[in-house]
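Student: for reference, the sequence and a predicted model appear below.
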Amino acid sequence: MKRLLVVWVLVVGLFSCSALGHDQINLNADQPLSKIAILNCKLALNNNSSSIYAKIIDLQPKKGKNNNGIEEDAKWVSVTLKNSKPANDDWVGVFSPAKFDSSTCPPNGAKDSEVEKPYICSAPIKFQNANYSSKDYTTTGVATLKFRLINMRADFSFALFTGGFSNPKLVAISNTLPVFANPKAPLYPRLAIGKAWDEMTVTWTSGYNIDEAVPFVEWGLKGETQQRSPAGTLTYDRTSMCGAPARTVGWRHPGFIHTSFLKELWPNSQYTYRMGHRLYDGSYVWSKYYSFRASPYPGQDSLQRIIVFGDMGKAERDGSNDYGNTQPGSLNTTDQLVKDLKNYDIVFHIGDMAYADGYLSEWDQFIAQVSPIASAVPYMVASGNHERDWPNSGSFWDTSDSGGECGVPAETLYYVPAENRAKFWYSADYGMLKFCVADSEHDWRAGSEQYKWIEKCFASADRRKQPWLIFIAHRVLGYSSNAWYAQQGSFAEPEGRDDLQKLWQRYKVDIAFFGHVHNYERICPIYQNQCVNDEKSHYSGVVNGTIHVVTGGGGKSLAKFSSLTPTWSVFRDYDWGFVKLTAFNHSSLLFEYKKSRDGEVYDSFTIYREYKDVLACVHDGCEPTTLAA
């Protein structure tokens, strides 16, 4: 009897919960995990009639499910729960690591008298309502849920809560489930073009720090001798976060992020690669094999195909979390791009990627979701408000949209060829296209550091070799008839195009892409609010204005248009979708807007242009001349 009493005291102590309130963390209505007031949790484990049990239901990975191996890193788990007092607002949370008691909580400087310890201090990585797949749960008290789990470098456990999300009561904890044979395995490669045209970078995540194993990539031309290139290792800790929830209930260790630089690639050649770790006992840990095609030589006349979209977010294929109407868009975009993988060469995801908003486990989920794409073609990213913005952190916008991340996860988890990844602007050469990717979360106005860089990027384009000059930024620094922008009277971000339009015109930028607004809109070739071309589907001749495109319908909840349609708005679509550019040669470019739901083209135009058309003098874009002999 004494032994049982001791065990019970330990259990009660292990899972007691704090009285700290939900108002002490940063809330974001679009982030489902923010609804859970985990710090309000109360202990109710003495309900002996409540139980929860988890088991793996697919012990073997589904080999070759989509030729990209995504299911090798995912397992389905069945969770059975019983509750003698079921209610509609009961829910099950998934925790990883499996142990989520007070020992995982950081010191917060509070005296023991101020805080009841121990307590739960970390949000679950995902959740389902107890009646999600068992509609009679409230009458029977029995339910079975299915969760799809990805390798997140730790074991898992499941917890049954009553009392809803605002005042949760912990009534049962499952068995610990070590789902993956090697939780530390190298996973989720992310390709990106390097600072040189003949360089590809491979970034991946593992559970191995450099004191455990040496990371590297084994790679080479397909079918030929492979070589090995070393990798650098980065990570970040809780103190790198700027605020809550990223450094409180949303914190989760990101593992270790490795990047290797594959250099002196042969243009347009097919390469195979795999990530490896050499442990200090001499053994090796390997990933599966992947492949990619090297970039074309700058100016090379060949077929080059580019995907552009923003604001996708992530979703759960098992129905976990409540994403409202945003879930179909994210998965549809991902699935369409996976389906069409052989028909494009590079992707630009122009900001607002994971929408983790300070719940850092969401980055793992997002990276796994897009892994079939990012492992096969360069996946170039831009900085958005949900990656970067936080008060007093150096971001141009004084908002809390990043949930305390202040850019750290995005800058660490993804490589971009920037001089300083904390200043997320960079140029990228891809064959006949020159991309200048700006950072709308830092000052872009005339005289700023970024403005000078943007002009330098435009000026560096050799338009004979790279006739197609593309500008990218997350926020709409050009034109949009979004309802909110219309109410502000600007039809764009405040001060967005005031200074930049001078550069777009002077350097004859072909297309300016923006996200942030969750819809699709194409603007006519425009300068100073005036269309400079009446054509709708075919543009040719002198570059006398830049075409502006909003492609922020990657997957998040859609944004309404203004009831007024400005004269410069050519095509608007309130749906999820993405843009595909196809450069056939130095004179012909095809633009297509596709819906994510079916992959069909709903808007398109062509540009035909000769080199002399780029050189021609236009208003505010003329080179100085003289008649002097």
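Tutor: Perfect, I can see it now.

Student: ok so I307 is a helix residue?
Tutor: No: assigned with DSSP: H, G, I helix; E, B strand; the rest coil, I307 falls outside any helix and is strand.

Student: wait, it sits on Y344?
Tutor: Yes: the criterion here is C-beta atoms under 8 Å, and I307 meets it with Y344 at 5.0 Å. Where you see a C-beta, it was placed from the backbone N, CA and C, and this is true even at glycine.

Student: quick one: the helices in this protein?
Tutor: With DSSP state H as the criterion, the chain has helices at 2-14, 137-140, 327-339, 361-374, 385-388, 408-413, 449-459, 483-488, 496-506, 611-615.

Student: among these, pick out the one with the most neighbours on average.
Tutor: Mean neighbour count (mean count of other C-beta atoms under 10 Å) peaks for helix 385-388 among the helices of the chain, with a mean of 28.

Student: average pLDDT for that helix?
Tutor: In this model, helix 385-388 carries a mean pLDDT of 97.

Student: residues shared between the contacts of I307 and Y344?
Tutor: Contact with both I307 and Y344 is made by residues 337, 580, according to C-beta atoms under 8 Å, 6 or more residues apart in numbering.

Student: who has more neighbours, those two?
Tutor: Neighbour count, other C-beta atoms under 10 Å: between I307 and Y344, I307 has more, with 25 against 18.

Student: how about the contacts made by that one?
Tutor: So I307 contacts 337, 344, 346-348, 578-580 (C-beta under 8 Å, 6+ apart).

Student: please name the nearest non-neighbouring residue to it.
Tutor: Leaving aside its sequence neighbours, I307 sits nearest to V347 (C-beta to C-beta, 6 or more residues apart in numbering; 4.6 Å).

Student: I'd say A154 and V94 touch.
Tutor: No: between A154 and V94 there is no contact under C-beta under 8 Å: 11.4 Å.

Student: can you report how many residues neighbour Y430?
Tutor: 25.

Student: correct me if wrong: it contacts S295.
Tutor: Yes: at 5.9 Å, Y430 counts as touching S295 under the criterion of C-beta under 8 Å.

Student: overlap in contacts, these two.
Tutor: Counting by C-beta under 8 Å, 6+ apart, the residues touching both Y430 and S295 are 193, 346.

Student: pLDDT score assigned to F261?
Tutor: On the pLDDT scale, F261 is placed at 98.

Student: beta-bridge partners for it, please?
Tutor: Under the criterion DSSP bridges, F261 forms beta bridges with T201.

Student: including distance to G553, could the helices of the chain go into a markdown table?
Tutor: Listed next are the helices of the chain as a markdown table, based on distance: least, C-beta to C-beta, whole Å:
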| stretch | distance to G553 |
| --- | --- |
| helix 2-14 | 46 |
| helix 137-140 | 36 |
| helix 327-339 | 7 |
| helix 361-374 | 16 |
| helix 385-388 | 15 |
| helix 408-413 | 20 |
| helix 449-459 | 25 |
| helix 483-488 | 15 |
| helix 496-506 | 20 |
| helix 611-615 | 31 |
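
Student: quick one, which of these gets closest to Q300.
Tutor: helix 611-615 (15.9 Å; C-beta to C-beta).

Student: residues in contact with the closest one?
Tutor: With C-beta under 8 Å, 6+ apart as the criterion, helix 611-615 contacts 463-464, 467, 508, 540-543, 586.

Student: mark which of those are buried, thanks.
Tutor: Using 16 or more other C-beta atoms under 10 Å as the burial test, the contacts of helix 611-615 include 463, 467, 508, 542-543, 586 as buried.

Student: out of the residues you listed, which one has the lowest pLDDT?
Tutor: Lowest confidence among the buried ones among the contacts of helix 611-615: V543, with 90.

Student: to S557, which of the helices of the chain lies closest?
Tutor: Set against S557 and scored by C-beta to C-beta, the helices of the chain come closest in helix 327-339, at 8.2 Å.

Student: just the angle for that closest one relative to helix 361-374, thanks.
Tutor: 30 degrees (axes from the mean of the first three to the mean of the last three C-alpha atoms, to 10 degrees).

Student: show me what helix 327-339 is packed up against.
Tutor: When contacts are defined as 3 or more C-beta pairs under 8 Å, 6 or more residues apart in numbering; DSSP states H and E, helix 327-339 packs onto helix 361-374, strand 577-583.

Student: now T399, nearest residue through space, not along the chain?
Tutor: Here the residue nearest T399, using C-beta to C-beta, 6+ apart, is D389, at 4.6 Å.
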